[in-house]
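# Here is a sequence together with a model predicted from it:
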Amino acid sequence: MTREIYRQGDLLFRAIPELPEGLTERASKVIAQGEVTGHRHCLREGRVLEDRQGALFLEVMCTTQIIHQEHHALGLPAGCYRIIRQREYTPEAIREVAD
């Protein structure tokens with residue numbers, strides 16, 4: 001049985017049955033870049049896709065890895081994934097976690 005959810009740092013990768021329509025492919029394989037450290041979560045093989053609202057998805061054709069300078073490489077099996085960025089509460093607003 002394969003896992004449905006994977007995590008690396010502030011990113012959660014949730015397996016989905018198929019990609020939504022209307023996605024555009026990013027020119028690079030950078031999924032997210034840290035605002036504080038400049039470190040990046042990068043997809044080794046596959047496609048990083050985005051919808052019009054900025055939601056991110058992955059299309060992985062064969063087992064691959066997500067690479068980051070401060071985390072262990074994360075292995076992902078072939079499939080489609082929705083990327084969810086961890087958020088945190090502050091008195092000012094709910095915001096994405098700064099890496």
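Noted; the coordinates are in hand.

# residues in contact with stretch 18-30?
Residues from elsewhere that reach stretch 18-30, judged by Cβ atoms under 8 Å, 6 or more residues apart in numbering: 40-44, 46-52, 57, 59, 80. Bear in mind the C-beta positions are built from the backbone N, C-alpha and C, glycine included.

# repeat that for 6 Å
Stretch 18-30 is contacted by residues 40, 42-43, 47-51, 57, 80 when judged by Cβ atoms under 6 Å, 6 or more residues apart in numbering.

# and these, which are buried?
With neighbours counted by 16 or more other Cβ atoms under 10 Å, the contacts of stretch 18-30 contain buried members at 40, 42-43, 47-49, 57, 80.

# Just the ones of the residues you listed in helices?
Among those, no member falls in helices (DSSP state H).

# For Ala15, state which of those residues is nearest.
For the buried ones among the contacts of stretch 18-30, the minimum distance to Ala15 (Cβ to Cβ) is 7.1 Å, reached by Cys80.

# Which strand residues bridge the closest one?
According to DSSP bridges, Ile16, Glu59 are recorded as the beta-bridge partners of Cys80.

# so where's this structure uncertain?
Applying pLDDT under 70 to the chain picks out residues 1-2, 34-37, 87-99.

# List the contacts of the spatially most central residue of it.
For the chain, the residue nearest the mean C-alpha position is Ile83 (4.1 Å; Cα atoms, centre = their mean). Neighbour list for Ile83: 11, 13, 56 [criterion: Cβ under 6 Å, 6+ apart].
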